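**Student:** Pasting a predicted model and its sequence here:
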Amino acid sequence: GAVVSQHPSRVICKSGTSVKIECRSLDFQATTMFWYRQFPKKSLMLMATSNEGSKATYEQGVEKDKFLINHASLTLSTLTVTSAHPEDSSFYICSARDSQYEQYFGPGTRLTVT
Amino acid sequence: EDQVTQSPEALRLQEGESSSLNCSYTVSGLRGLFWYRQDPGKGPEFLFTLYSAGEEKEKERLKATLTKKESFLHITAPKPEDSATYLCAVQDTSGTYKYIFGTGTRLKVLA
């Protein structure tokens, strides 16, 4: 089956620093990947759509300068949270779209900003 | 605007007590409706895709059905290991491939 990995699974950083999260599709090529944010006991909120070789498309209200997305290959997308603050603490989940338009999700990254 | 509403928000069942979860949706054109299971602290796990009204899919104790306005996830004789949050998402025909998620149903099955 389709497998998507994320790294790291957990990260703690100090306020003002930047953190990079990787999302990889392990057994299929993904021209499109998605980044979501999830608050406790809430559903997934789409942040941006990442297309290989082009600029990401951000959802309304998501700061593109704060959440930098790069999709340099068909198996890797990265999300960089720049100048992180405590309010950026959250569970970040990526997904990768296969050729059948279904999305397979990574295990998530728990970010804590102190 | 596409919308997805799931009910109930939370559900407690005794082991073996069958029930159904509801996902109501409004979408300009439905390309697919998806069910996922999510355990605490983990990413969603794919369960089913439904494409057209009248379609049904089954997997172990789970059965998903679809009408033009809603989908049901039926859980037959649940076990404690079925405890999780069940998420429903729709994808429209706009070509963006985005999913719109519902808020989920938190299911707790008691032994």
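**Tutor:** Yep, it's here.
**Student:** how close does the residue in chain B that chain A sits nearest to sit to B:Ala10?
**Tutor:** The minimum distance from chain B to chain A, using CB to the nearest CB, falls at B:Gly43 (3.9 Å). Every residue, glycine included, has its C-beta placed from N, CA and C. Remark: distance between B:Gly43 and B:Ala10 (CB to CB, to the nearest Å) = 21 Å.
**Student:** Those two: which is more packed in?
**Tutor:** The residue with more neighbours, out of B:Gly43 and B:Ala10, is B:Gly43; 22 against 12, by other CB atoms under 10 Å in any protein chain shown.
**Student:** residues contacting the nearest residue to the more buried one once chain neighbours are set aside?
**Tutor:** Nearest residue to B:Gly43 in three dimensions, chain neighbours excluded: A:Phe105, at 3.9 Å (CB to CB, 6 or more residues apart in numbering or on different chains). Taking CB atoms under 8 Å, 6 or more residues apart in numbering or on different chains, we find A:Phe105 in contact with A:4, A:93-95, B:36, B:43-46.
**Student:** Enumerate the residues of chain B near chain A.
**Tutor:** B:31-32, B:34, B:36, B:41-46, B:49, B:87, B:91, B:96-104, B:106 (CB under 8 Å from any CB of the partner chain).
**Student:** Mind giving me the ChimeraX command for buried ones among these?
**Tutor:** Here is the ChimeraX command that selects only those of the residues of chain B next to chain A that count as buried (16 or more other CB atoms under 10 Å in any protein chain shown):
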select /B:32,34,36,42,43,44,46,49,87,91,97,98,99,100,101,102,103,104,106
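**Student:** Helices - which of the residues of chain B next to chain A land there?
**Tutor:** Using DSSP state H, no member of the residues of chain B next to chain A sits in helices.
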